[in-house]
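Enquirer: sequence and predicted structure, then a few things I'm wondering about:
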Amino acid sequence: MVARTPLLLDLAGRRVTCVGGGPVAVAKVVPFATAGAEVHVISPTCHPDLAAVATHHERQWQAGDLATTPPTWLVVAATGVPAVDDAVHAEAEEAGTWCLRIDGRGPVAVPSVIRDEDLLVAVSTGAPALTKRLRQHLEATLDGRWADAARTLAALRRDPGVRAALAEVPPAERRDRWRRAVDAALDPSPSPPSPAEVLHGR
Ligand SMILES: C[C@@]1(CC(=O)O)c2cc3[nH]c(cc4nc(cc5[nH]c(cc(n2)[C@H]1CCC(=O)O)[C@@](C)(CC(=O)O)[C@@H]5CCC(=O)O)C(CC(=O)O)=C4CCC(=O)O)c(CCC(=O)O)c3CC(=O)O
Ligand SMILES: NC(=O)C1=CN([C@@H]2O[C@H](COP(=O)(O)OP(=O)(O)OC[C@H]3O[C@@H](n4cnc5c(N)ncnc54)[C@H](O)[C@@H]3O)[C@@H](O)[C@H]2O)C=CC1
């Protein structure tokens with residue numbers, strides 16, 4: 001078992017290089033482009049859905065391809081050709097670049113994701129087919145009030161008025177107000193307390 005550590009990455013404006021342009025590359029890399037990554041594909045062929053969101057270099061992988069300006073943050077080894085994916089992976093380790101291998105043999109892997117604006121649930125198991133089934137099960141059973149609460153509370157967390165009000169109270173009181181704001185946001189009663197009022201201490 002590979003014990004991978006879950007992290008949340010902000011890829012906006014960051015360089016992602018994808019070696020290979022087949023259907024699996026599409027599934028992995030289109031979401032990175034949607035998240036704002038600057039995606040370059042190095043591959044003799046490139047699926048149109050990937051070409052639509054990336055710069056396509058129509059050729060095979062060459063040693064030195066990760067020495068880019070700006071630097072490559074993440075490389076996806078997506079040829080399915082072991083010798084090529086090995087070469088990409090080795091160069092990534094040398095350069096300190098994260099490497100997602102679609103054959104599962106790299107340090108980086110993508111989870112299954114349920115996303116509704118500020119709410120994100122990520123799932124991983126040792127078996128991708130089970131991961132997908134669990135994601136579908138959670139999606140079908142996840143109550144919409146969690147996403148509603150996330151939307152409300154994340155907006156309040158960014159609100160300068162709320163930040164200013166909370167800056168004036170000691171950390172223990174701040175934590176208590178957030179805990180009560182969560183209770184308010186999840187309160188199913190017809191006229192629940194307002195999370196904003198709770199955070200302002202009113
Ligand atoms: C390690 C990882 C690396 C990575 O790709 O990041 C990886 C590797 C491999 N996947 C393989 C096969 C399949 N992958 C899927 C589906 C998904 N695979 C995803 C992620 C991951 N797949 C990473 C770890 C995930 C984790 O930790 O749980 C998901 C979750 C996310 C996504 O792709 O967005 C997405 C579901 C999205 C959703 O929720 O819908 C299905 C199901 C289907 O297609 O219906 C199958 C066929 C059934 C099967 O084989 O299990 C093979 C064998 C290929 C072969 O044998 O030819 C390998 C290589 C290997 O490790 O053996
Ligand atoms: N991680 C996952 O979720 C999954 C992984 N897989 C694995 O993915 C692989 C198949 O992926 P597909 O996208 O279907 O493959 P594919 O064969 O359709 O695409 C491979 C791509 O790599 C390119 N390529 C080949 N040699 C190259 C080189 N030297 N330099 C640059 N590009 C090169 C090809 O032109 C093509 O665009 C298999 O190894 C399978 O085990 C399969 C299903 C799911």
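Expert: Sure thing, it's come through. Ligands and ions are numbered 1, 2, ... in the order given.
Enquirer: residue 120 should be in a strand, yeah?
Expert: Yes - assigned with DSSP: H, G, I helix; E, B strand; the rest coil, residue 120 falls within a strand.
Enquirer: that one pairs with what?
Expert: residue 115 (DSSP bridges).
Enquirer: pick out the residue of this protein closest to ligand 1.
Expert: residue 104 (2.3 Å; C-beta to the nearest ligand atom). Glycine gets a C-beta too; all of them are placed from N, C-alpha and C.
Enquirer: burial count for that residue?
Expert: 10 (other C-beta atoms under 10 Å).
Enquirer: quick one: it and ligand 2, what's the gap?
Expert: 6 Å (C-beta to the nearest ligand atom, to the nearest Å).
Enquirer: same check on residue 194?
Expert: Applying C-beta to the nearest ligand atom to residue 194 and ligand 2 gives a distance of 44 Å.
Enquirer: returning to what we had before: now the residue of the chain closest to ligand 1: phi and psi?
Expert: phi 80, psi 10 (degrees, to the nearest 10).
Enquirer: same deal with the one 4 residues further on?
Expert: The main-chain torsion angles of residue 108 are listed as degrees, to the nearest 10 and equal phi -120, psi 140.
Enquirer: do the same with the one 5 residues further on
Expert: Backbone geometry at residue 113, expressed as degrees, to the nearest 10, gives phi -130, psi 140.
Enquirer: swap in residue 98?
Expert: phi -70, psi 140.
Enquirer: residue 90 now?
Expert: phi -60, psi -40.
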